[in-house]
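Enquirer: can you look at this prediction? I've put the sequence above it.
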Amino acid sequence: MVKTHVVRVGSITGDLTFMPSTLTAVAGDMVQFQFAPKNHTVTQSTFDQPCAPASLNSNITGIYSGFMPVAADASMTATWTVRVNDTKPIWLYCSQGKHCQGGMVMVINPYVLPLQNDKKLRANTNTLATDQQQMHPAHSRPTKPSQPKHLSTFQAVAAQ
């Protein structure tokens, strides 16, 4: 049976967060990202470079929602849904401004010890906050969201 996991991207109070920041999904499950007001993205990264698109540091094309601007008084929730193709870890961040360095990161299917992974990911993110400029996929490909030729772990599906 296909399960849909819901992840809140940002918050109505302006917190830079994915909620939950860690989840476990099986192949075939769906992950629906629900965007809070302001302007956020869901961008795939790597464990070692959590604030850079996966495509810059690996052979993974990665996923990218594009920027999802939501007005504070919006009556509808912007969503973007992907299908999980396997159980490999998927590292994600928001590529808006300094959101990633502010802690806006998450993982789907963490390794066996999710708490240690979360601490390490956040430590990597904190290091990058002082060492590197955050990047979004526009630095390596067009800013327009697109369907990659292949997806390592996700398959984008039509919006709900």
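Expert: Sure thing, it's come through.
Enquirer: now do the nearest residue to Gln32 once chain neighbours are set aside: how many residues are near it, please.
Expert: Setting aside the residues directly before and after it, Gln32 is nearest to Thr81 in space (Cβ to Cβ, 6 or more residues apart in numbering), at 4.6 Å. (Each C-beta comes from the backbone N, C-alpha and C, glycine too.) Neighbour count for Thr81, taken as other Cβ atoms under 10 Å: 20.
Enquirer: buried residues in the one helix or strand Thr81 maps to?
Expert: Element membership of Thr81 [criterion: DSSP states H and E] is strand 78-84. Neighbour-count burial for strand 78-84 flags Ala78, Trp80, Thr81, Val82, Arg83, Val84 (criterion: 16 or more other Cβ atoms under 10 Å).
Enquirer: residue contacts, the last one?
Expert: Read that as Val84. By Cβ atoms under 8 Å, 6 or more residues apart in numbering, Val84 lies in contact with Ala25, Val26, Ala27, Gly28, Asp29, Met30, Val31, Ile90, Ile108, Asn109, Thr153, Phe154.
Enquirer: top of those by neighbour count?
Expert: For these, neighbours tallied by other Cβ under 10 Å; top is Ile90, 27 neighbours.
Enquirer: pLDDT value on that one, please?
Expert: pLDDT recorded at Ile90 is 96.
Enquirer: the closest residue to it other than its chain neighbours pairs with what?
Expert: Distances taken as Cβ to Cβ, 6+ apart put Ile108 closest to Ile90, at 4.3 Å, once the chain neighbours are dropped. Ile108 has these beta-bridge partners by DSSP bridges: Leu23, Ile90.
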